[in-house]
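**Student:** the sequence and its predicted three-dimensional model are supplied below.
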Amino acid sequence: MAKLQTGKALNIRETPIPGFKVIDLPVHGDNRGWFKENWQREKMAALGLPDFGPVQNNISFNATVGVTRGIHAEPWDKYISVATGRVFGAWVDLREGPSFGATYYCEIDPSVAVFVPRGVGNAFQALEENTAYTYLVNDHWSAEAQSDYTFLNLADETADIPWPIPLSEGELSTKDETHPRLAEVEPMKPKRTLVVGANGQLGRALAQLWEDRDDVDYVARDQVDLARPVTLESVSWSQYGTVINAAAYTAVDGAETPEGRAEAWAVNAAGPAALARIATQHGLCLVHVSSDYVFDGERESHDELEDFAPLGVYGQSKAAGDLAVATTPAHYILRTSWVVGDGKNFVTTMATLAEKGIDPTVVADQFGRLTFASELARAVDHLLRSTADYGAYNMSNGGEVASWADIAARVFKLSGHDPARVSPVSTEEYYAGKMGIAPRPLNSALDLAKVKSTGFAPEDQFVALARYVSSLSS
């Protein structure tokens, strides 16, 4: 029996396999035996180990020296250690990507543990009798899940694992002896991305941006309806790593009616809360789109730290959704203003009026920036690819702040019409005598410093506007 190492400090080491980590565990021993903190979430997360949310603990007891098991890559993460005995552990990266086929091996005794990411093939050989090999996993085992496993032959020549005891002399299962060689292995693909609200402006923009990706699923309201959280139960969440909530109730004035109020709260608040619970349970990254309407518009520019002060039901429901989404650890909240995408919107309405010879009256005391859906989609893609810090980010196009009347006049000019045909009025004048109108923030300009700090450069709203108007006539 090898002498157990004691007196080590807790330490986490990187390896040639991305995400695979070796953990040195402090073991405290005396004449009675020894003690260790085998899994210590707070300390280990502080040192860089993923807070992977284990839900099941498994133990493999190996009675004799030479028992060899693997190489198995399961669709979940594992934290491996031994309670008694000693093993030679071997790992091969079986994930799709440039590190496919990378190997690592080392001995594990009670003073060593390893973190094995999803898709990394895992194997071990018992070096002592009565070895208890234990592992935490962050998804529940099921017979159905075995169809998602990836296997590699223990004797694969490319991996060339230096087993201390020749495989011909060890104890192996028949299945483990017949697994394919590396050249025949189909790499495990990354977890998929789910877009909820596929028919909305952002959903369509994401589909266009990601048209070459085959790892994204889009679901419309007839499949997953946030107003009916029970529909979320039909989703096989274990196959996803990211969920993007592009669904929303956006009828600002409609939200002031009894029916609209109920739907706004269901879609904008209760639905995101249900998604946040699911994201926490399954370890997903949740991307959620919010609104400048969570603010009262009293400040000329709103940053991410400003307190919520929504003026109407729509803004209140969006603020509640923000608070719910912020409870899940891995989240991005993108707070937007004045969204313009496919379909009917303010810009298309102004362009149509210009062509029809109608001279509109447009409010001139509400200020902000347009957010083109294509630019919002680009920001979602950027945050996910750059692995920026989780949290809330303001997101709109850049450039000078303008009023709705300013933008309307620009649309007229870009369409080849006289911008003077747009008559500016105050919000009070515009809505005078109209019933059921929701209060609106007068200042919707969002401070973009935080999203810019991640390396994202929002395009000037007027550059994007010119291109968009040009596309309407093409």
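**Tutor:** Received, thanks.
**Student:** would you map the strands across the stretch 301-450 of the chain?
**Tutor:** For the stretch 301-450 of the chain, applying DSSP state E, counting those that start in this stretch gives strands covering 331-336, 339-340, 361-363, 367-368, 371-372, 391-394, 402-403, 423-425.
**Student:** hmm, who's touching the fourth one?
**Tutor:** Translated: strand 367-368. Strand 367-368 is contacted by residues 292, 300, 337-338, 396, 401-403, 442-446 when judged by CB atoms under 8 Å, 6 or more residues apart in numbering. Backbone N, C-alpha and C define where each C-beta goes, glycine included.
**Student:** go ahead and build a ChimeraX selection from the buried members of those.
**Tutor:** Those of those that count as buried under 16 or more other CB atoms under 10 Å are selected in ChimeraX with:
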select :292,337,338,396,401,402,403,442,443,444,445,446
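**Student:** least confident pick among the contacts of strand 367-368?
**Tutor:** Of all the contacts of strand 367-368, Glu300 carries the smallest pLDDT score, 92.
**Student:** nearest spatial neighbour of that residue, chain-adjacent residues omitted?
**Tutor:** Ranked by CB to CB, 6 or more residues apart in numbering and with sequence neighbours excluded, the top spatial neighbour of Glu300 is Asn443, at 5.3 Å.
**Student:** any idea how far the one you found is from Arg369?
**Tutor:** 11 Å (CB to CB, to the nearest Å).
**Student:** do Val92 as well
**Tutor:** 50 Å.
**Student:** now Leu152
**Tutor:** Applying CB to CB, the value for Leu152 to Arg369 is 52 Å.
**Student:** again with Trp34
**Tutor:** As judged by CB to CB, Trp34 and Arg369 stand 62 Å apart.
**Student:** compare these two and say which one has the larger neighbour count.
**Tutor:** Arg369 (24 against 12; other CB atoms under 10 Å).
**Student:** ok, the closest residue in space to the more buried one that isn't next to it in sequence - contacts?
**Tutor:** Distance criterion CB to CB, 6+ apart; nearest residue to Arg369, sequence neighbours excluded, is Ser396 at 4.4 Å. Residues counted as contacts of Ser396 (CB under 8 Å, 6+ apart) are 336-338, 368-371, 375, 445-446, 448, 458, 461.
**Student:** would you mind listing the buried residues in stretch 371-378?
**Tutor:** Result for stretch 371-378 [16+ other CB under 10 Å]: buried residues Thr371, Phe372, Ala373, Ser374, Glu375, Leu376, Ala377, Arg378.
**Student:** what about that stretch, distance to the chain center?
**Tutor:** 17 Å (CA atoms, centre = their mean, to the nearest Å).
**Student:** which other residues reach that stretch?
**Tutor:** Counting by CB under 8 Å, 6+ apart, 201-202, 204-206, 208-209, 289, 334, 336-342, 395-397, 456, 458-459, 461, 464, 468 sit against stretch 371-378.
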